[in-house]
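Novice: Got a sequence here, can you model it:
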Amino acid sequence: MKSYDLIVIGAGTSGAYLAQRMARRGHRVLVLEQASKETVGTKYDIFHIEQREFSRLEIPRPKGGDAAWAFEFEKNYNADPLTKFPKCQMNPMVGLHMHAYTLLLDELAQHAGAEIRYGARFTDFLFDDGGKICGVKATENGEDTAYSARIVADCSGMAAAGRTKLPADYGVETAKLTDEDMFYVVLRYVTLNDPKDYLDGSTFWAYYKSWIAPCADPHGAIIGIGACHSFDYAEQVFAEMEQTVPLPDYTLDHIERGRTPYTRSPYSMVGDNFLVSGDAGNLTKSVNGEGVTSSMVQLQIATEVLDRALKLGDTSRRALWDINRKYNRTQGAEFAMLRALLVGVVNAANFDEFQYAFESGIISDELLNAMNGAPLPAARVFDAVKGFAGGIAKKRIRTSTVKAALAALKNAVAISDHYKHFPETPEGFEQWCAKADALYQKIGKIR
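Specialist: As a prediction, the model looks like this:
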């Protein structure tokens, strides 16, 4: 039986990123990918990465002419339901072809020394006499195989092939995603019929959770909508949006449909000799459900911890705990806070109140920048409070909506503070989880 330091389940962006970083540190790495090389990373064609993320995450930045490169833009508009008062943030974005970029990351992992086996489906774990993971079973070309490993990382995507097969008492949540835990995304690839409508940036309508953005075709665009519950519900919301949003005249080319996790990540992402990441760990942004770079943030932390653990010869849950602590106290806390705010505001406000919030300036450039991680000046918070008060006086905002927004803010502060006090060690973890459960019960889910 072949032996490895690390076996990664899944050769998507997360799995390839982790494999490369660990192989560069001299570890023996095997990646098992159930898809073929020709079909890996084909759930969607296009995805976006903020330009600043390439250097921060140490990932390749394709240029025009490269197979993975699709387009670039800087202007990002956030618009009211009637698109009369759009706000613009300058944030350079790079559009990439998912399949080509996945292959690029796979090739970098292989150049670093990792072995990738396509058409190899993980089927189960191997456990030692003490009940700890010591390898995996897989099926390749119709034959069963087995490999031993000191650590197994589940980067298998939404199916969470590894996480959901863990023993219930292994310290990592094993529940599968339900219909209510996912974001249903419908992407319309279109050709714009009038040259004056060609896009110089993207526009996002928070009320509808919809957007329009450039695509690889300079004469085209992608019109996207995301919704909870089902694809049918997403289409229903899109039909409503078309009645108020002044979309450009277009000809539909084709439609892509897909789902992404839209729920919190497991409280613990590590067990004895085990890590979960990517969509398998629900590591998606609270604002839009995108997860490529947010997973990489966690994997930067994981690389350092896994490297140290392997060199010290201790890959137990306790030895890997710093992945939980460092992630949950930073990006985990940020995502939890944003989720609480979004749930409260989006569930409470109606069409007219969203429109007034843009018209009156309650929704400002500073507030929107804060949603992307920028600091929010205290004076701007005070202005927003005054704006809400003025809206009530003018009967443009309901008192119930303001109460819901304030409750959401309170919940957001509470859940963020709780994550920032994630336990240093596994001791106290169960108590921390109990309080987190109670806070999420108050927050609820987006409708």
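Novice: distance of T399 from E353?
Specialist: Taking C-beta to C-beta, to the nearest Å as the measure, T399 falls 11 Å from E353. Every C-beta, even on glycine, is put in place using the N, C-alpha and C of the backbone.
Novice: Between these two, which is the more surrounded one?
Specialist: E353 (20 against 11; other C-beta atoms under 10 Å).
Novice: What helix or strand is the more buried one located in?
Specialist: Following DSSP states H and E, the helix or strand that holds E353 is helix 351-360.
Novice: so what does that helix touch, helix or strand wise?
Specialist: Here helix 351-360 touches helix 378-393, going by 3 or more C-beta pairs under 8 Å, 6 or more residues apart in numbering; DSSP states H and E.
Novice: Domain ranges for the chain, per the record?
Specialist: Residue ranges for the domains of the chain, per automatic domain parsing: 3-58+99-177+266-328, 180-261, 333-443.
Novice: For those domains, give me CSV that also has distance to K84 and mean pLDDT.
Specialist: Formatted as CSV, those follow (distance: least, C-beta to C-beta, whole Å; pLDDT from 0 to 100):
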stretch, distance to K84, mean pLDDT
domain 3-58+99-177+266-328, 23, 96
domain 180-261, 9, 93
domain 333-443, 7, 83
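Novice: got these as TSV, with distance to F85 columns?
Specialist: Converted to TSV, these look like this (distance: least, C-beta to C-beta, whole Å):
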stretch	distance to F85
domain 3-58+99-177+266-328	20
domain 180-261	12
domain 333-443	4
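Novice: Comparing the ones you listed, which comes out most buried?
Specialist: Compared across the domains of the chain, domain 3-58+99-177+266-328 shows the largest average neighbour count, a mean of 20 (mean count of other C-beta atoms under 10 Å).
Novice: From the chain's centre, how far out is it? Work that out for me.
Specialist: 15 Å (C-alpha atoms, centre = their mean, to the nearest Å).
Novice: same deal with stretch 343-363?
Specialist: Relative to its chain's centre, stretch 343-363 lies at 24 Å (C-alpha atoms, centre = their mean).
Novice: So what does the residue most central in space within the chain have for phi and psi?
Specialist: Against the mean C-alpha coordinate of the chain, by C-alpha atoms, centre = their mean, the closest residue is T284 at 1.8 Å. Backbone torsions of T284, given as degrees, to the nearest 10, read phi -120, psi 160.
Novice: So H97 sits against A67, correct?
Specialist: Yes. At 7.0 Å, H97 and A67 qualify as touching, with contact defined as C-beta atoms under 8 Å.
Novice: the more surrounded of these two?
Specialist: H97 (22 against 13).
Novice: show me the contacts for that one.
Specialist: Counting by C-beta atoms under 8 Å, 6 or more residues apart in numbering, H97 makes contact with D45, I46, A67, A68, W69, A70, A216.
Novice: which one of these is nearest I363?
Specialist: The closest of these to I363 turns out to be I46 (C-beta to C-beta; 27.2 Å).
Novice: Spell out which residues sit in contact with that closest one, please.
Specialist: A70, G95, L96, H97, M98, L187, C215, A216, I222.
Novice: and the second one, helix, strand or coil?
Specialist: In this case it means G95. strand (DSSP: H, G, I helix; E, B strand; the rest coil).
Novice: List the contacts of it.
Specialist: Remark: with contacts taken as C-beta under 8 Å, 6+ apart, G95 is in contact with I46, F47, H48, W69, A70, F71, E72, F73, A213, P214, C215, A216.
Novice: tell me the two of those that are most distant?
Specialist: Pairwise distances across the contacts of G95 peak at 15.3 Å for W69 and A213 (criterion: C-beta to C-beta).
Novice: And the strands in the stretch 101-250 of the chain?
Specialist: Applying DSSP state E, counting those that start in this stretch to the stretch 101-250 of the chain gives strands spanning 115-118, 120-127, 133-140, 143-154, 182-192, 201-205, 210-213, 220-227, 250-261.
Novice: so which of these gets nearest K386?
Specialist: Among the strands of the stretch 101-250 of the chain, if distance is taken as C-beta to C-beta, the winner is strand 201-205, at 25.4 Å.
Novice: Could I get the full set of helices for the stretch 151-300 of the chain?
Specialist: Ranges of helices in the stretch 151-300 of the chain, per DSSP state H, counting those that start in this stretch, are 231-242, 292-312.
Novice: so what does the shortest one touch, helix or strand wise?
Specialist: Under the contact criterion of 3+ C-beta pairs under 8 Å, 6+ apart, the helices and strands touching helix 231-242 comprise strand 182-192, strand 210-213, strand 220-227.
Novice: Pipe those into a markdown table and attach distance to G332 per row.
Specialist: Formatted as a markdown table, the helices and strands packed on helix 231-242 follow (distance: least, C-beta to C-beta, whole Å):
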| stretch | distance to G332 |
| --- | --- |
| strand 182-192 | 19 |
| strand 210-213 | 25 |
| strand 220-227 | 22 |
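Novice: Kindly state which of those is positioned closest to S295.
Specialist: Of all the helices and strands packed on helix 231-242, strand 182-192 sits nearest to S295, with 15.6 Å by C-beta to C-beta.
Novice: mind listing what that closest one pairs with, with the direction of each?
Specialist: strand 220-227 (antiparallel), strand 250-261 (antiparallel) (DSSP bridges).
Novice: Reformat these as JSON lines; add distance to G291.
Specialist: Listed next are the strands paired with strand 182-192 as JSON lines, based on distance: least, C-beta to C-beta, whole Å:
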{"stretch": "strand 220-227", "distance to G291": "13"}
{"stretch": "strand 250-261", "distance to G291": "7"}
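Novice: Good, we can wrap up now.
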